[in-house]
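In: one predicted model, sequence on top.
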Amino acid sequence: MTTSTPDKERQMLGFFLVPGVYLRVLAETVRKLGHNDRQLYEGLNFTAADLKANDSRVFVTDATIMAQRARELAGNEGLSFALAKELRLTIHGTLGFAALTSPTFEGALDSVRRYLQLRAPFLTMNQSLAGEQVLVQLCTEFEVPELYAFLAETVSATLILLTEQLLDREDAEAKGFALEDGKLPGVSVHLSAPEPPYYRKFADQLPVRFEYGQPEEMMIFPKAMLDVRMRLADADASAMAREQCEFELQKALKEQGDIALAVRNMLRMTPGPLPSLEAMAERFCVSSRTLKRRLADKDTSYREILEGVLKDRAIQLLRYTNQSVSEIAYELGYADLSNFSRAFRKWTGKSASEFREDGPDPAPEVGP
């Protein structure tokens, strides 16, 4: 099922294998919604029996085909929300355990942000602070536009449902985050797609409000929520789980099929200031010379990728915070405001001040 060939690898995006358990649960959910799940497997390189193994892995390309078929069969019935309800904590393995045992929600969020690609190789999370809000943007390099809305809705709903389940109820209430009419106060999900007809059927079952027709895929949390304890907080257990996730991540990085995408995704997961070429090469367990050569083979450079990430972050900070241009420049690692100003004008054709006054256009080149 996971035998690699050069032609296959050229099709892979990011960490190119998806845990088979997710496809198994997807098929089971389609069946529960009253459809024949056997047609999901037609012509693919795995069967339902293959997915029963705990360590099964599926190529992203095959997983995409299966997800498209599932969406065509049951997407209009709220497959995304039904699937999210089935993706319980234990299904996510060491990542779920790392989140569950984190001392606080901040640690759990950090574990998910850093290791999400081990479970959802088509997504990264870009986290930023805007006043008293934490913005968690879902970013994707997945070149399947018809799946964007389905993936974003499914992943957002899964993360939100797990958040509500993992928070220590007593500590949450003590810090002002008791459920209000079944909703977590101050938490919302933004999605760019129009509101689907089935949302109203599931709205009361979700612990937060989903807002559609928004500029980007994003989850919004109150900053104070970061300090809420997790239900089974255990710092030692969480550290052990994170170590295992880190081992898996490093292994996946070394086996990465697209080094340019891997570098971009790693930069997105790294808080500023962003690392040098040498530091990034060390992270990938190669020399800086080798990393430069491999990026050149992809017709790009570390500097080009770095500037793309910096551009996206600058736009996010200008759009969603009240920080001054000087503060944003400093946060992005620019010691000299004039250097940041020149870079921003090169990226957008506007000064940072003009961009903030004129509105969000041009949007950052991330996300669905």
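Out: Perfect, I can see it now.

In: all strands for the chain, in order.
Out: 17-19, 57-59, 123-130, 133-140, 188-190, 209-211, 218-222 (DSSP state E).

In: got those as JSON lines, with mean pLDDT columns?
Out: Formatted as JSON lines, these follow (pLDDT from 0 to 100):
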{"stretch": "strand 17-19", "mean pLDDT": "81"}
{"stretch": "strand 57-59", "mean pLDDT": "79"}
{"stretch": "strand 123-130", "mean pLDDT": "86"}
{"stretch": "strand 133-140", "mean pLDDT": "88"}
{"stretch": "strand 188-190", "mean pLDDT": "97"}
{"stretch": "strand 209-211", "mean pLDDT": "96"}
{"stretch": "strand 218-222", "mean pLDDT": "96"}
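
In: between those strands, which gets nearest to residue 231?
Out: When those are compared by C-beta to C-beta, strand 218-222 sits nearest residue 231, at 17.0 Å. (Glycine included, C-beta is placed from N, CA and C.)

In: next, count neighbours for residue 250.
Out: Other residues lying near residue 250 total 13 when counted by other C-beta atoms under 10 Å.

In: ok, it to residue 200 distance?
Out: Taking C-beta to C-beta, to the nearest Å as the measure, residue 250 falls 44 Å from residue 200.

In: same check, this time on residue 145
Out: On the measure of C-beta to C-beta, residue 145 and residue 200 end up 25 Å apart.

In: cool, and residue 82?
Out: Distance of residue 82 to residue 200, given as C-beta to C-beta: 15 Å.

In: give me phi/psi at the residue nearest to residue 222 when sequence neighbours are not counted?
Out: Leaving out its chain neighbours, the residue that sits closest to residue 222 by C-beta to C-beta, 6 or more residues apart in numbering is residue 186, at 3.9 Å. For residue 186, the backbone dihedrals (degrees, to the nearest 10) come out as phi 80, psi 0.

In: residues in contact with residue 186?
Out: 133, 177, 220, 221, 222, 225 (C-beta atoms under 8 Å, 6 or more residues apart in numbering).

In: and the residue lying closest to residue 84 once chain neighbours are set aside, what's its pLDDT?
Out: For residue 84, ignoring the flanking residues on the chain, the nearest one in space by C-beta to C-beta, 6+ apart is residue 157 at 3.6 Å. Here the pLDDT value assigned to residue 157 is 96.

In: return the distance of the residue nearest to residue 222 relative to residue 177.
Out: Residue 186 sits 8 Å away from residue 177, going by C-beta to C-beta.

In: same deal with residue 191?
Out: For residue 191 relative to residue 177 (C-beta to C-beta), the value is 23 Å.

In: so for these two, which sits in the more crowded spot?
Out: Applying other C-beta under 10 Å to residue 191 and residue 177 shows that residue 191 carries more neighbours, namely 25 against 22.

In: could you count how many residues lie near residue 166?
Out: Neighbours of residue 166 (other C-beta under 10 Å): 21.

In: test my guess that it contacts residue 99.
Out: Yes - assessed by C-beta atoms under 8 Å, residue 166 is found in contact with residue 99 at 6.3 Å.

In: mutual contacts of those two, please.
Out: Counting by C-beta under 8 Å, 6+ apart, the residues touching both residue 166 and residue 99 are 89, 108, 230.

In: which one of those residues is nearest to residue 326?
Out: residue 108 (33.0 Å).

In: got the contact list for the closest one?
Out: 98, 99, 100, 102, 163, 166, 230.

In: right, I'll call it a day here.
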